[in-house]
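Colleague: Here is my input; please provide its structure:
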Amino acid sequence: MTSITQNFRNLMQSIKQNGGIYRSILQLYRVDEIKEGEYVGTDRNGNRYYQNKRFFVGRSRWVIYNEKFGLDYDGTHVDPEWHGWLHYVRDEPPTVQKPITYKWVDPNPQENKTGTPENYVPYSTVKPKVEAWVPKSNKQ
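Modeller: Numbering: from 1, shown residues only. Next up is the predicted model:
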């Protein structure tokens, strides 16, 4: 019986942390799971980062993307400083230990444009190895 009450308590705590039943259902729709954990910080895009050390490594840190992205969020919306913490490269989040910055690193990273009209398409200066066949016309 203790396990049922503990699970119910965890569910109620998750619903409370997500902002009520409506916000929890919205969260469930957006990312397919409801978690509860310790708030760690926010990046410049408005993404919120959480950690729960009771979960397994690899599942204990997560990001809740800003609602301005809707269902169209992407991994490139995570700031590079937070990416290191999120993937266990760094033990301390950027709110505790500031990351090392270099002047050659762009302070405003760009999101991934693949699949959009603005995607990168390289052009080749090399002559193609295979040429299309053009049939001879029979006009006389």
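
Colleague: List the contacts of the longest helix along the chain.
Modeller: In the chain, taking DSSP state H as the definition, the longest helix is helix 2-18. By CB atoms under 8 Å, 6 or more residues apart in numbering, the surrounding residues in contact with helix 2-18 are Ile21, Ser24, Gln27, Ile34, Lys35, Glu36, Gly37. No exception for glycine: its C-beta is placed from N, CA and C like everyone else's.

Colleague: same check, this time on stretch 78-96
Modeller: So stretch 78-96 is in contact with 40-41, 43-45, 47, 49, 57-58, 61-63, 97, 99, 105, 109, going by CB under 8 Å, 6+ apart.

Colleague: can we see that at 7 Å?
Modeller: Stretch 78-96 has contacts (CB atoms under 7 Å, 6 or more residues apart in numbering) with Val40, Gly41, Asp43, Arg44, Asn45, Asn47, Tyr49, Val57, Arg61, Val63, Pro99, Pro109.

Colleague: Can you tell me the closest non-neighbouring residue to the residue nearest the centre of the chain?
Modeller: Of all residues in the chain, the one closest to the mean position by CA atoms, centre = their mean is Gly75, 3.3 Å from it. Excluding the flanking residues, the one nearest Gly75 by CB to CB, 6 or more residues apart in numbering is Asn112, at 7.8 Å.

Colleague: my read: the one you found touches Asp72, true?
Modeller: No - with contact defined as CB atoms under 7 Å, Asn112 does not count as touching Asp72 (11.3 Å).

Colleague: which of these two has more neighbours?
Modeller: In this view Asn112 and Asp72 are compared by other CB atoms under 10 Å, and Asn112 has more residues nearby, 11 against 8.

Colleague: The more buried one and Ser137: what is the separation?
Modeller: Noted for Asn112: a distance of 46 Å to Ser137, by CB to CB, to the nearest Å.

Colleague: before we move on, what about Glu38?
Modeller: 75 Å.

Colleague: more neighbours, those two?
Modeller: In this view Glu38 and Ser137 are compared by other CB under 10 Å, and Glu38 has more residues nearby, 10 against 6.
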